[in-house]
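S.K.: Fold the following for me, if possible:
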Amino acid sequence: MKKFKIALPGVLIAALLLISACNSAPSAITNNEPPITEPEIIEPVSPPEIEEPNAPLEPLPEPPDADWETQFDEWPDVIIDGVGVPGSSHRLIGEDDIFPNYVSLVPVAIALGADVYTIDSYPAQVTLEGLNGRIGFAIGSEDFEVDGETITLNLPALEVDGEIYVPILFFRDGCGADSAFFSGGEVHISTAAGDMQ
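M.R.: Reported below is the predicted structural model:
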């Protein structure tokens with residue numbers, strides 16, 4: 001009996017230690033969800049003010065004074081009796097001249113009251129009705145038939161970028177204008193004292 005009594009307190013101590021160990025050990029069944037926390041409160045932020053779309057940040061500088069070569073860019077290229085011809089243009093073609101020597105035919109001829117006809121051949125044929133009678137010529141030729149007579153200019157009629165160009169003097173020598181010349185960035189044609197009809 002004495003042996004049993006001595007062993008009983010040892011068993012009790014072992015049982016107590018076992019119970020204590022079970023209480024401190026983590027549970028075999030765990031919850032995988034994170035702990036619940038209070039949500040963070042975010043203060044609303046007002047959007048930044050938006051400027052007018054494409055508004056310049058500062059005023060644009062004034063353009064510099066144009067020189068004589070660029071100041072005529074927005075002006076008509078050909079002036080007839082002081083009136084600009086819309087859609088007209090002039091060109092410098094060749095190496096002998098230093099100023100424009102050609103004028104676009106169709107807008108100028110229409111401004112002068114002529115009808116322009118072209119024949120799609122090789123070389124293309126052009127006829128004008130109403131300028132000093134009937135005028136005809138071929139693209140690439142320096143000869144111009146004016147009311148039955150042939151005059152020869154020092155430059156041929158040309159087609160450039162699909163547009164017909166004639167020498168400036170065509171309007172004086174062929175069409176009967178009083179004068180036709182380049183000056184101040186423009187071609188000036190005067191019909192005041194000429195034979196143009």
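S.K.: what stretches of the chain score poorly on pLDDT?
M.R.: Confidence mapping of the chain against pLDDT under 70 gives the ranges 1-35, 37-75, 193-197.
S.K.: Give me the buried positions along stretch 76-89.
M.R.: P76, D77, V78, I79, I80, V85, S88, S89 (16 or more other Cβ atoms under 10 Å). (Each C-beta comes from the backbone N, C-alpha and C, glycine too.)
S.K.: give me the number of residues near I139?
M.R.: By other Cβ atoms under 10 Å, 18 other residues sit near I139.
S.K.: my bad, N132
M.R.: N132, neighbours per other Cβ under 10 Å, totals 19.
S.K.: ok so, going back, now, the buried residues of stretch 76-89 that are in strands?
M.R.: Residues of the buried residues of stretch 76-89 located in strands (DSSP state E): V78, I79, I80.
S.K.: which residues does I168 contact?
M.R.: H90, P100, N101, Y102, V103, A180, F181, F182, V187 (Cβ atoms under 8 Å, 6 or more residues apart in numbering).
S.K.: now these as TSV including distance to G162, neighbour count and secondary structure?
M.R.: Formatted as TSV, these follow (distance: Cβ to Cβ, whole Å; neighbours: other Cβ atoms under 10 Å; DSSP: H, G, I helix; E, B strand; the rest coil):
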residue	distance to G162	neighbour count	secondary structure
H90	17	20	strand
P100	19	17	coil
N101	20	20	coil
Y102	15	24	strand
V103	16	27	strand
A180	24	24	strand
F181	26	14	strand
F182	23	19	strand
V187	20	26	strand
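S.K.: of all the residues you listed, which two lie farthest apart?
M.R.: For the contacts of I168, the farthest-apart pair by Cβ to Cβ is Y102 and F181; their separation is 13.0 Å.
S.K.: out of the buried residues of stretch 76-89, what pair is the most spread apart?
M.R.: Counting by Cβ to Cβ, the most remote pair of these is I80 and S89, 14.1 Å apart.
S.K.: so where do the strands sit in this protein?
M.R.: 78-80, 83-84, 90-91, 102-104, 115-119, 125-129, 134-138, 143-146, 149-152, 158-160, 163-167, 179-183, 186-190.
S.K.: and of these, who's closest to I36?
M.R.: Per Cβ to Cβ, nearest to I36 of those: strand 163-167, 82.7 Å.
S.K.: Residues in contact with the closest one: which ones?
M.R.: 89, 91, 93, 101-106, 118, 126, 137, 139, 153-155, 157-159, 174.
S.K.: Out of the buried residues of stretch 76-89, which comes closest to A192?
M.R.: I80 (10.4 Å).
S.K.: thinking that closest one is in contact with A109, fair?
M.R.: No - checked against Cβ atoms under 8 Å, the pair I80 and A109 is beyond contact range at 10.6 Å.
S.K.: Wait, P76 touches S88, no?
M.R.: Yes - the pair P76 and S88 passes the contact test of Cβ under 8 Å, sitting 5.8 Å apart.
S.K.: Pretty sure N101 sits against F182.
M.R.: Yes - using Cβ under 8 Å, N101 is in contact with F182, at 7.5 Å.
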